[in-house]
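1. Give me the fold of what follows.
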Amino acid sequence: MPIVTLKDAELAYGLTPLLDRAQLVIRSGERVALIGRNGTGKSSLLSIIAGSRGLDSGEVQRRDGLSITLVEQEPALGEAPSLLDSVRARCGLRADGDHGDDRTSWRIEARIIEYMDRLSVDPSRDPLVASGGERKRAALAGAFALDTDLLLLDEPTNHLDLDGITALEELIQRSRCCLLITHDRWFLDRVATRVIELDRGYLRSYPGNFTAYSNRKEEELAAEATANRKFDKFWAQEEAWIRRGVEARRTRDEGRVKRLEQLRVERSARRQRTGIMNLAIDAATRSGKLVAELENVTKSFGDRVIVNDLSLRIMRGDRLGLLGPNGAGKSTLLKILLGGLQPDTGSARLGTNLDIAYFDQMRAGLDLDKSVAENVAPGSDWVEIGGQKRHITSYLGDFLFSPKRAATPVNALSGGERNRLLLARLFAKPANLIVLDEPTNDLDLESLDLLESVLQECAATVLLVSHDRAFVDAVVTQTLVSEGNGRWGEYIGGYSDWLSHRDRQATANRNDIKASSGTTSSTSAGTPAPRSTRPKMSYKETRELASLPVEIEALEAEQTALTAQMSQPDYHRRPAEDKKTDRARLDAIPALIESKLARWEELEARSTSN
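-> Okay, here's the model as predicted:
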């Protein structure tokens, strides 16, 4: 059943239409991903659906009584003694938590606290000193607590670590209906049942997840390019004919002249796809074979251990990804590797002949008061790329900055534009060691693909910190993963390889438990075994112990099958009641597995002690 319908929606800024007679229908139970290039109007569309912005023309129809919650890209949290108080106020509750006999308000507050815990938010944290990630997670907790009919999320994964993103995936999968903007491709594959693309003012719908969309879109773009080539060839032939003059003036050719006039109108009206960045890394001279080395390094801040006895060697050409939750110390470890921070114990050394390019997630290297051009080429109108001089305006055009935008102060840029500016600075000088600390935030899908390709093909050594799992998989050759208490584990491959290793290790641990269930404790020859003080297992408990491994394996197989079924492109067409049942079962299985594992360990311990 449709809950929101857009009809002939039009919205423009200046001469550029963001919506051009766009049509959209959102149905209850859907999880819709809204994608498109930066600046195409995605956030504006969310605001229109939420009712906080109007259309130039067209109509928005909402189901009677429809409740909608919007979490903006940078959510506003008011001043309050704590994040909990601020979220209370954002959700329309009393900031002091005194709701009298209002049971609804008490239920919402209980859910806010629950979701803050699930998203790892400290409710007592001062909003004024909270990080962007903490504020985002707090706002998300409030949105899920309200349990509205339609949830609108603008870049919800920005500033979240892998654990936060995984928790968010689970919450969205259980939501009533969700429309979200994100460029996280792995995340889209996990949560989306339909993809809506905003491209040159039009909204196009693609059933299924992001992978299904990508395959379909590739075919469409190829067909569009072919059609445009044929059109342009025919138009050029007609233009050549009209210039011959005499034949075109004959009465019998008036129809052909009118057709040419129509071709001119159609070609003029044809909106070209937005340009893409032109990235290239200017290769520096080769570094030494050894790029960086840590030997038994330990680093702490007070009682908090960031690195504990880590030895690591990075060689020329390695592409190392650092994975771990926010606060694990990934940026700190980068500073130790680069010599900007000394370890408490152990040694850290850099290799020779290094030219380092550093992408800082905090964008601290940007001078906000200076223009885009001044930040890339201070005091000059030229940059030297590959031994050749280029005018700064031409170079910035490769990063989608128009001449007018190149003269704009940095403080007027969007988050995506600032990230593109950092990339422009990064690639404006030769480098053989590229350090990227969260480079993917606010970059659109095409820019991400391009950056991936450049990093894959370059000969430089790469150190990458990112929570974008698809990006990590595409770029790195090995990962360094935070395993808690300052311990870091090194693994071959990207995120998927580490995930497979972790799952195999968990399976091996469970198999060890299963194998041990068939063994009995032995004593030295001639020495009687001590009598157990625990009650002897009953026949029923013995049977239960024997059946538990089979039951756990069955639950794991059911979990895998359900996940695969819910990821199918046509799953969204199933009846809403079936989808609700599947979702509830999938949510219940982990707890069942944990319960049976605990019971298995209990019975196995009793069996070996009897």
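
2. thought residue 285 was touching residue 352?
-> No - assessed by Cβ atoms under 8 Å, residue 285 is found out of contact with residue 352, at 10.8 Å. Every C-beta, even on glycine, is put in place using the N, C-alpha and C of the backbone.

3. Could you find the closest non-adjacent residue to the most centrally placed residue in the chain?
-> Closest residue to the average C-alpha location of the chain: residue 184 at 3.0 Å, with Cα atoms, centre = their mean. Residue nearest to residue 184 in three dimensions, not counting chain neighbours: residue 157, with 4.8 Å by Cβ to Cβ, 6 or more residues apart in numbering.

4. Give me the neighbour count for that neighbour.
-> 24 (other Cβ atoms under 10 Å).

5. thinking again about what came up before, over to the residue nearest to the centre of the chain: give its phi and psi.
-> Backbone torsions of residue 184, given as degrees, to the nearest 10, read phi -80, psi 100.

6. which residues sit in contact with it?
-> By Cβ atoms under 8 Å, 6 or more residues apart in numbering, the contact list for residue 184 reads 157, 165, 468-470.

7. where's residue 433 relative to residue 460, distance?
-> Going from residue 433 to residue 460 by Cβ to Cβ, to the nearest Å gives 6 Å.

8. Residue 300 is in what secondary structure piece?
-> strand 290-301 (DSSP states H and E).

9. Ok, residue 347 next?
-> Assigning secondary structure by DSSP H and E places residue 347 in strand 345-350.

10. Let's see that strand as PDB, backbone CA atoms only.
-> Output of strand 345-350 as PDB, limited to C-alpha atoms (Å, rounded to 0.1, in the frame of the first residue of the first chain):
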ATOM      1  CA  THR A 345      58.300   1.400  24.600                       C
ATOM      2  CA  GLY A 346      59.700  -0.400  21.500                       C
ATOM      3  CA  SER A 347      61.000   1.300  18.400                       C
ATOM      4  CA  ALA A 348      59.400   2.800  15.200                       C
ATOM      5  CA  ARG A 349      61.400   3.800  12.100                       C
ATOM      6  CA  LEU A 350      60.600   5.000   8.700                       C
END
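
11. which helices and strands does it pack with?
-> Strand 345-350 makes packing contacts with strand 290-301, strand 304-315, helix 330-337 when contacts are defined by 3 or more Cβ pairs under 8 Å, 6 or more residues apart in numbering; DSSP states H and E.

12. okay, and for the stretch 151-300 of the chain, where does confidence drop off?
-> Scanning the stretch 151-300 of the chain with the threshold set as pLDDT under 70 gives 221, 224, 231, 234-235, 238-239, 241-257, 259-261, 263-280, 282-284.

13. In it, what residue spans correspond to helices?
-> Assigned by DSSP state H, counting those that start in this stretch, the stretch 151-300 of the chain shows helices spanning 162-173, 185-191, 210-243, 246-249, 254-269.

14. In three-state terms, label residue 474 for me.
-> Recorded secondary structure, residue 474: helix (DSSP: H, G, I helix; E, B strand; the rest coil).

15. related to what we said a few turns ago, now, which of the contacts of residue 184 sits nearest residue 2?
-> Of all the contacts of residue 184, residue 2 sits closest to residue 157, with 27.5 Å by Cβ to Cβ.

16. pretty sure that closest one is touching residue 182, no?
-> Yes - between residue 157 and residue 182 there is a contact under Cβ under 8 Å: 5.6 Å.

17. picking that back up, name all residues that make contact with the residue nearest to residue 184.
-> 165, 168, 182, 184, 187, 467.

18. separation between it and residue 53?
-> Distance of residue 157 to residue 53, computed by Cβ to Cβ: 24 Å.

19. Adding distance to residue 107 and mean neighbour count, write the helices and strands packed on strand 345-350 out as JSON lines.
-> Converted to JSON lines, the helices and strands packed on strand 345-350 look like this (distance: least, Cβ to Cβ, whole Å; neighbours: other Cβ atoms under 10 Å):
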{"stretch": "strand 290-301", "distance to residue 107": "40", "mean neighbour count": "18"}
{"stretch": "strand 304-315", "distance to residue 107": "36", "mean neighbour count": "18"}
{"stretch": "helix 330-337", "distance to residue 107": "38", "mean neighbour count": "21"}
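
20. As CSV, these with distance to residue 26 would be great.
-> Converted to CSV, the helices and strands packed on strand 345-350 look like this (distance: least, Cβ to Cβ, whole Å):
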stretch, distance to residue 26
strand 290-301, 47
strand 304-315, 45
helix 330-337, 38
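
21. Just tell me which of the ones you listed ends up closest to residue 544.
-> Taking Cβ to Cβ, strand 304-315 is the member of the helices and strands packed on strand 345-350 nearest to residue 544, at 41.6 Å.

22. Which helix or strand lies directly C-terminal to that closest one?
-> Sequence order places strand 319-323 as the next helix or strand after strand 304-315, per DSSP H and E.
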